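K.L.:
heads up, no residue letters with this:
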């Protein structure tokens, strides 16, 4: 601890990653009579749990292949791995100002990122790599100097990125960081894999992003949302069919300076952590990448803008403000609050 600053350690992040499994706690009702196989591994820089309602040698083999595939995605999207496809892309952009994207998954995720950036008017922005580097959340966090922030902000902005087919052009020395959408994208690919294998009921949980799929019976999955300040749950979501859920919260990666919390959900306009919400959960049909990016975007927007956006785009959201107020849309029996 220096100058009154308290920083989290990397080992604490690992502990938090495991503890934050409560972000989307799995609470099942009436589903235990169906045989299932389950596996949890540390992959994609988090703990991932997959539950397939089919207890057989085939399902165990498919689980192994699924986790192998997820580890392969780490080599594509890991912003901090100098050998990843994303890091290679960033070096080529820095050197040439333009490059062709040969990796299909990277191209699809970036296309979707830019689309959502436009839809949210920059509340979600994949061009904040320079800002993430100076905040150093991967190493426990540090408070940047104002001139560092000014330079990093200058070298960001999704408007400076132009996709023309497979060619990406960049008008500034931007570093891409797809951390706000990559886990959701990987969850989508995992779900696609299990559907192609013929499974009719499964759940994939990557701590902050969850995908549930059920065409086998009428049972609802019950997903608990962790309270970001207290032990226990903020509430429980009931969902059926093919649904993706994502939560962005200020207790996922953060450090303290005095009593002030600095978290990783940065406002692209200021370069500082966004204020207003302390947790936002987004529920959408059949698209974990979309839910992942939108939970970040709505967190950045703050309560008023987020509620308007949810109404306009027909989203289900559960937010908790800094003052402890719940923001829910639409009202209904799909969400049961644990707040009293």
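P.N.:
The structure has been received and is ready for your questions. Bear in mind that the values here come from a model prediction, so they are computed numbers and not experimental data.
K.L.:
ok, the residue nearest the centre of the chain - contacts?
P.N.:
Against the mean C-alpha coordinate of the chain, by C-alpha atoms, centre = their mean, the closest residue is residue 292 at 4.2 Å. Shown in contact with residue 292 (C-beta atoms under 8 Å, 6 or more residues apart in numbering): 180-185, 187, 208-209, 244, 246. For the C-beta atoms, the positions are set from N, CA and C on the backbone; glycine is no exception.
K.L.:
Just name the shakiest helix or strand of the protein by mean pLDDT.
P.N.:
Lowest on mean pLDDT, DSSP states H and E among the helices and strands of the chain sits strand 5-6, with a mean of 39.
K.L.:
Correct me if wrong: residue 318 contacts residue 236.
P.N.:
No: if you go by C-beta atoms under 8 Å, residue 318 and residue 236 don't touch, sitting 10.1 Å apart.
K.L.:
pLDDT weak spots in the stretch 201-340 of the chain?
P.N.:
Within the stretch 201-340 of the chain, the segments meeting pLDDT under 70 span 339-340.
K.L.:
show me where it has strands.
P.N.:
201-205, 209-214, 221-226, 233-239, 242-249, 254-257, 260-263, 277-285, 316-321, 326-329, 335-337 (DSSP state E, counting those that start in this stretch).
K.L.:
okay, the ones you listed in JSON lines with distance to residue 108 and mean neighbour count next?
P.N.:
Formatted as JSON lines, these follow (distance: least, C-beta to C-beta, whole Å; neighbours: other C-beta atoms under 10 Å):
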{"stretch": "strand 201-205", "distance to residue 108": "18", "mean neighbour count": "23"}
{"stretch": "strand 209-214", "distance to residue 108": "16", "mean neighbour count": "25"}
{"stretch": "strand 221-226", "distance to residue 108": "26", "mean neighbour count": "22"}
{"stretch": "strand 233-239", "distance to residue 108": "25", "mean neighbour count": "20"}
{"stretch": "strand 242-249", "distance to residue 108": "16", "mean neighbour count": "26"}
{"stretch": "strand 254-257", "distance to residue 108": "30", "mean neighbour count": "18"}
{"stretch": "strand 260-263", "distance to residue 108": "28", "mean neighbour count": "17"}
{"stretch": "strand 277-285", "distance to residue 108": "17", "mean neighbour count": "24"}
{"stretch": "strand 316-321", "distance to residue 108": "25", "mean neighbour count": "22"}
{"stretch": "strand 326-329", "distance to residue 108": "29", "mean neighbour count": "18"}
{"stretch": "strand 335-337", "distance to residue 108": "31", "mean neighbour count": "16"}
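K.L.:
Which one of these lies nearest to residue 154?
P.N.:
In terms of C-beta to C-beta, the element of the strands of the stretch 201-340 of the chain nearest to residue 154 is strand 260-263, at 20.9 Å.
K.L.:
Indicate each strand paired with the closest one and its parallel or antiparallel sense.
P.N.:
Strand 260-263 sits in its sheet next to strand 254-257 (antiparallel), going by DSSP bridges.
K.L.:
can you give me the offset of the strand it pairs with from its chain's centre?
P.N.:
20 Å (C-alpha atoms, centre = their mean, to the nearest Å).
K.L.:
And the helices in the stretch 1-150 of the chain?
P.N.:
10-19, 57-77, 85-96, 104-119, 129-135, 146-154 (DSSP state H, counting those that start in this stretch).
K.L.:
quick revisit: if you drop the residues flanking it in sequence, what lies closest to the residue nearest to the centre of the chain?
P.N.:
Of all residues not flanking residue 292 in the chain, residue 184 sits nearest, at 2.7 Å (C-beta to C-beta, 6 or more residues apart in numbering).
K.L.:
isn't there a helix covering the one you found?
P.N.:
Yes: in this structure, residue 184 lies within a helix as judged by DSSP: H, G, I helix; E, B strand; the rest coil.
K.L.:
Could I get the buried residue list for the strand or helix carrying residue 162?
P.N.:
According to DSSP states H and E, residue 162 maps onto strand 161-164. Buried positions in strand 161-164, judged by neighbour count with 16 or more other C-beta atoms under 10 Å: residue 161.
K.L.:
Does anything pack onto that strand? Which helices or strands?
P.N.:
helix 104-119, strand 167-170 (3 or more C-beta pairs under 8 Å, 6 or more residues apart in numbering; DSSP states H and E).
K.L.:
That's all I had, so thanks and see you.
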